[in-house]
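Engineer: would you be able to build a 3D model of this:
(chains A and B)
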Amino acid sequence: MSLFKELDLVCHQLCLELKHEYVQTVLPKPDIDRDKMTIYYMLFRMNEPQQAAGSYTKSVMVAEIGLNTHETMTCEKRTNKELLKQRQLTVLSGDFYSALYYYTLARQSNIELVKWVAQAIQNFNEYKCALFFPPVHFGWQELIHEIKKIESALVGKIARQLGFTHVVPYISDFFLIKRLIAERDLRNEEKHTGYFSKMRLDDDDQLVEKLDWEIKSRTAQLSQALKRSEDQSELFLKLKDYINLQLPLTA
Amino acid sequence: MTLSRIYLEKKSKLKSVERELESVLSVANPLLSEASLDLLKAGGKRIRPLLTLLCAEYGDPERKAVKDSAVMLELIHMASLVHDDVVDDSDLRRGKPTVKAQWNNRVAMFTGDFIFAKAIELISDVDNLEVHRSISRVIRDLSLGEIDQIKELYHWKQNLRTYLRRIKRKTALLMALSCQLGALSSGCSSEIGLKLYYFGYYLGMSYQITDDILDFIGTKKQLGKPAGGDLRNGNITLPTYFAMNRYGLRKSIRKVLENKNPSHEQWDAVIHSIRASGAIRDSEQLSNAYLQKGIDLLEQLPQVKVTHALRVIADYIGTRNY
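Structural biologist: Predicted structure coming up:
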């Protein structure tokens, strides 16, 4: 079976795992980041047979989705019952997904992976707090650096623990670029996630320009880094092909 | 033996749990550390760690896994409180501002997720798959129970089974786990672990029913909010369920629940009629029946000092009025 067919199967099983009939009547279906899923699968597949790699990928993706669900939490006062219910279920479905990764991994007897994910989630939340409540004002590059840490908190941790530290910089850059693109697109739709709300910029156009520049420059740097690398490991070559294929699509 | 005597005898171990909680929650990020430690300092009965420490007396209570289990259970409870305050939009807990009130909903999400992950990391050192399967199932069911509660709000047609399943997931399972983990982490047999699991389960069911009764009969001072708060929020608990089975009351309760904006007077009248209907007495009977099942199980356990202590806790739960 080809990698993409294997991934289709994992994705289908993941959708089934995430399914909660009532929650889905109130909240949209959770987004599945196909790039993240692919990279997790590549990492696990290096040392595991197809089925185990698929199961571990599903579990860590569920953890990622739990965190992403809580990302959408809003802070303003709500009195409308339906909006209130949406908020309540945002909290509770995120908690459900966070519980589910432990539940599925315990059934696969992989407690070591449970520990790595739990540690990564702690880091993720520490980075988030540092971003939203920085002890000192962040400059542009410091902010970008913080966002990069957040975006690859889980996947970077798993890669390192599996012994693939050499690919972490490329993965981190790739997911940073994806986030910057998402932020730029949200700005264009006049929405925001709060990541750049503390930047003291004169207007939104300036932010979009800065994001554009950052995306282009980082995309070029990542392409160059992939090209120049002398790493000939199987994982690196697979990742290189995948990232090179996805970069023009994302940028 | 009295409940205060039990707490006194376990004082040094509970203090050790408290120190460990403080240590694991003291992290580099000042905001996360402050939010978590404030919650810890707000206190609480620590009933779950107490049950774990007591049930560990059936095995070797000095094992490291016993303390880790007690700490982990309190962390899970704390994490769920932080998120519950967002769900319930509560600004005060135990008289102190909640994390969401002091900062905002997002910080409450970060704090709850952080504490929850800390709990799982801590327990991941325990080399016992049975323990992990049990904990992870309970945690999953806890969150499903919370979702059910939202789903069933204002659903006056729900049956007794729905209510019992909800309180099982919401409260009883974590108490059951607290008892079972005490046994398993101290090296007891699975058989003793299972008996203690059911003891904790029955205790938890009774505890939650009593909570639901107190919500109707407690004073504003005792509850920190007007009586009948659960029903006012659309949460149909056992007294309401029993009252709805009485002639004449079903219609008036249903009318208020279906009203989009009932007045305070309408709520007060319905709450008064539930109190006067005999539904409280029926609820107490069911609570006592669960408690009795737990007490009966104690007779199947070795008749040692700790069995007597568990009986005292069961008696306290049966008579508590706040």
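Engineer: now do the same contact list for residue 63.
Structural biologist: This is for chain A. A:97-98, A:101, A:117, A:121, A:154 (CB atoms under 8 Å, 6 or more residues apart in numbering or on different chains). Every C-beta, even on glycine, is put in place using the N, C-alpha and C of the backbone.
Engineer: meant chain B actually
Structural biologist: B:56, B:185-187.
Engineer: let's see 10 Å
Structural biologist: By CB atoms under 10 Å, 6 or more residues apart in numbering or on different chains, the residues touching residue B:63 are B:56, B:69, B:126, B:185-187.
Engineer: next one: residue B:232
Structural biologist: B:215, B:225-226, B:256, B:262, B:264, B:267-268, B:270-271.
Engineer: what are the phi and psi values for it?
Structural biologist: Per-residue torsions, residue B:232: phi -60, psi -30 (degrees, to the nearest 10).
Engineer: quick one: the contacts of residue A:63 as JSON lines, columns for pLDDT, distance to residue B:110 and secondary structure too.
Structural biologist: As requested, those are arranged in JSON lines below (pLDDT from 0 to 100; distance: CB to CB, whole Å; DSSP: H, G, I helix; E, B strand; the rest coil):
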{"residue": "A:97", "pLDDT": "95", "distance to residue B:110": "16", "secondary structure": "helix"}
{"residue": "A:98", "pLDDT": "95", "distance to residue B:110": "13", "secondary structure": "helix"}
{"residue": "A:101", "pLDDT": "97", "distance to residue B:110": "18", "secondary structure": "helix"}
{"residue": "A:117", "pLDDT": "98", "distance to residue B:110": "16", "secondary structure": "helix"}
{"residue": "A:121", "pLDDT": "98", "distance to residue B:110": "10", "secondary structure": "helix"}
{"residue": "A:154", "pLDDT": "98", "distance to residue B:110": "15", "secondary structure": "helix"}
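Engineer: which of those residues sits closest to residue B:293?
Structural biologist: Checking those against residue B:293 with CB to CB, the nearest one is residue A:98 at 32.5 Å.
Engineer: would you map the strands across the chain?
Structural biologist: Reading this off chain A. For chain A, applying DSSP state E gives no strands.
Engineer: right idea, wrong chain: chain B
Structural biologist: B:92-93, B:96-97.
Engineer: what's the most buried one of those strands?
Structural biologist: Scoring the strands of chain B by mean neighbour count under mean count of other CB atoms under 10 Å in any protein chain shown gives strand B:92-93 as the most buried, with a mean of 16.
Engineer: about what we covered before: with the contacts of residue A:63 in mind, which one is nearest to chain B?
Structural biologist: Closest approach to chain B among the contacts of residue A:63 (CB to the nearest CB): residue A:121, at 3.8 Å.
Engineer: and for the closest one, the neighbour number?
Structural biologist: 26 (other CB atoms under 10 Å in any protein chain shown).
Engineer: how about the nearest residue to it, chain neighbours excluded?
Structural biologist: Closest residue to residue A:121 apart from its sequence neighbours, by CB to CB, 6 or more residues apart in numbering or on different chains: residue B:117 at 3.8 Å.
Engineer: can you list the contacts of residue B:232 in JSON lines and add neighbour count?
Structural biologist: JSON lines is the format used below for the contacts of residue B:232 (neighbours: other CB atoms under 10 Å in any protein chain shown):
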{"residue": "B:215", "neighbour count": "21"}
{"residue": "B:225", "neighbour count": "13"}
{"residue": "B:226", "neighbour count": "15"}
{"residue": "B:256", "neighbour count": "17"}
{"residue": "B:262", "neighbour count": "15"}
{"residue": "B:264", "neighbour count": "9"}
{"residue": "B:267", "neighbour count": "18"}
{"residue": "B:268", "neighbour count": "14"}
{"residue": "B:270", "neighbour count": "23"}
{"residue": "B:271", "neighbour count": "24"}
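Engineer: care to break chain A down by domain?
Structural biologist: A:1-109, A:138-251 (automatic domain parsing).
Engineer: so for residue B:240, which of those sits nearest?
Structural biologist: Evaluated over these, closeness to residue B:240 peaks at domain A:1-109, with 19.1 Å, by CB to CB.
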